[in-house]
Every structure is written in structure tokens, then in C-alpha cells.
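how would this look folded up:
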Amino acid sequence: MAIISVVVPSFNRPASLAVCLESLARLRYPQEQFEVVVVDDGGNVDLGAIIEPLRASINIRLVTQENTGPAGARNKGAASATGQFIAFTDDDCSPTEGWLTALTLRLQQDPARMCGGYTTNALESNIYSTASQLLIDFLYGYFNTDPEQARFFTSNNMALSRSMFESVGGFDTSFPTASGEDRELCDRWQHLGYKMSFVREAQVRHRHAMNFRSFWKQHFIYGNGAWRYWECKHARGLPGPNLEPPRFYLKLVNHAWKSRLKHPLMLTLLLILSQIANAAGFAWERIKGRRSQRHTTGAADNPPTRVG
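Numbering: from 1, shown residues only. Modelled structure (predicted):
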């Protein structure tokens, strides 16, 4: 049985998946001690041609399902895994050679912890990808100041015990897109009293090409997910949505200048735009939810008249 299973959800991105799997084949980790579970989330591309040539290099399996979104695909992969631990990454990511070693070492020291690594932008010439990664870097710095008291990991670079993943219920499949299901899992994990550790040595390169339109769409969808996240907290009897303190937004605006990256003004404007898109997505999802609730309540209060 493998010590750790790497779960990779994929949907109609065969070229990106091939790059991801090639990086996994180069991991400095004993081949017999890990497996890769690729979950085809209802795509219309045959992934067999990509996976077959790699079978000699890594223990790899393909699992297929109807399209449910990344949360459901990760849960499917976890259910098919045989490892004591599960590591998650995405098909547009390339883990570095020491990624799995760093995660496994920390998990073996304390199997009851969730661990997350450090993700970098592989598309440095794309300013939208750079700005999106800059936001993630800021959030990691804000929520994970103490590596042993971390509070937030993205789902493209996290690992935990398979049995504990199952016991907490896995990812919440009410999130239909990659829009906060990782944030919700981290929050639920901590709500249950479990700890998280940031393992900076576990690094992944993220290749997410974007333009203005896709940048706005991504952060609008993050706003949709933020509303669902707060609904999940409310269901656990916790307070509703609230803004971060003003210093959070001031530090965010200043973050691009401190990063010493090229085009700091443009990056600052994009960070501000990301928050506007996020707020718009949050408001839109909230309005939809209230309309749906009114419609459901109205139907319950006014049952149809029975004829005959």
C-alpha cells in the first residue's frame, strides 16, 4: 500500500495534465511509496493516451465520473486512494521534486494535522496570473503568519490523513466550481479542533493563464464561493459575513509595492479590481440565495389547489 496518494482532478485540459504528471514522475520520492489518482471529471477528452506512457515511471490510475466540479472530483479521488495520506494538486500545477517528501515528512511527525505548501506563479510574464498569485501570497502571509497555526491553504497544494479527510466529510460538493471549497474545508477542519501547518518547502508551480475577462470572472466566482462559505458557517451556528478590518485592505493595496515585482501600479490596480469583483460576486450570490429562499418559502406557504 502506498504511503501517500496524490489526487489530481482534471476537466478537458489534457496538455496541462500531461505537464503536471511529468512533474510528478520526477518527484524525489520512492516510486513504490506513492500513487497518483487522476480523476476525469466528466471531460470529453480521452486521457488514456496521456497516462499510459507514464505507467513505467509512476503508479498511476485513472478514475472517471460525471461532471460534478473539482470538490466532487477530489472526493472521488480520495475515495479511490489507498495511501495513508492524501495530497491534492491541480492539473495546471507542477509540483517541484521535493514537494511530496516535505509534505509526507511533516504528516508523519503529526498525522492529525493538515499541511499545505507554497505555490508560485509559473507564468511571470502574464500580469493577470501574477496579480492573482500575488493575492494568494498576501492571504498566506495574513492567515499563516505562524506556520504551526496556519488557517488557510489552497486546494492545489494541501495534504492530510485519508482517514481524517473522510471523517470530516471531505470537500463540500455544494461548491460547483473552484470557488472557496478549500477555504470551507480549512474552516471546518479548525472548527472541529484540528491544527494546520504551513510547509514552505513543499512547493508547486501554478500555470493559470488569464486575461482581463478571465481575471474578473475568476474573482467574481470567488465572491460567489465566499457567500456559500458564509452560508456553511451559518449552518454550523457561527456568525454571518463580516469584512476584514481596514488594515487588511490597506496592507493588500500596499502589497504589490512591497513585492518588488515589475509594474507595481498595474498590480495594485488589479488587486483592487479583484476585491471589487469578489464583492460583486458575493452580492450576486446573496441576491440569488434570497430570491430562491423567497420562492421556496412562497411555495411552502401557498400549496397548489387540489383539483377533483
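
contacts only, for residue 2.
Going by C-beta atoms under 8 Å, 6 or more residues apart in numbering, residue 2 touches 32, 33, 34, 35, 59, 81, 82, 83, 84. C-beta: built from backbone N, CA, C; applies to glycine.

before we move on, what about residue 63?
Contacts of residue 63 (C-beta under 8 Å, 6+ apart): 37, 38, 39, 40, 76, 77, 80.

now the fourth one: how far from residue 186?
Read it as residue 40. To residue 186, residue 40 is 26 Å away according to C-beta to C-beta, to the nearest Å.

do the third one as well
For residue 39, the distance to residue 186 under the criterion C-beta to C-beta works out to 21 Å.

okay, the two: which has more neighbours?
The neighbour comparison of residue 39 against residue 186 (other C-beta atoms under 10 Å) goes to residue 39, with 28 against 22.

wait, is the more buried one part of a helix?
No - counting by DSSP: H, G, I helix; E, B strand; the rest coil, residue 39 is located in no helix; its state is strand.

wait, doesn't it sit right on residue 6?
No - checked against C-beta atoms under 8 Å, the pair residue 39 and residue 6 is beyond contact range at 11.2 Å.

in PyMOL, select just the buried ones from the contacts of residue 2.
To isolate in PyMOL the members of those that are buried, counting by 16 or more other C-beta atoms under 10 Å, one can use:
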select buried, resi 34+35+59+81+83+84
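
and the helices in the stretch 101-250 of the chain, which stretches?
127-143, 162-168, 181-191, 212-235, 246-258 (DSSP state H, counting those that start in this stretch).

and stretch 38-45, how far apart are its ends?
13 Å (C-alpha to C-alpha, to the nearest Å).

before we move on, what about stretch 147-162?
22 Å.

just flag the most distant two among the contacts of residue 2.
32 and 81 (15.5 Å; C-beta to C-beta).

neighbours of residue 155, how many?
Around residue 155 there are 22 residues (other C-beta under 10 Å).

do I have it right that it meets residue 170?
No - counting by C-beta under 8 Å, residue 155 does not reach residue 170; the two are 11.4 Å apart.

shared neighbours of these two, anything?
Contacts common to residue 155 and residue 170, judged by C-beta under 8 Å, 6+ apart, are 74, 185.

pLDDT weak spots in the stretch 51-200 of the chain?
Judged against pLDDT under 70, the stretch 51-200 of the chain has no low-scoring part.

the strands in it, which residues?
Applying DSSP state E, counting those that start in this stretch to the stretch 51-200 of the chain gives strands spanning 59-65, 85-88, 93-95, 114-121, 158-161, 196-206.
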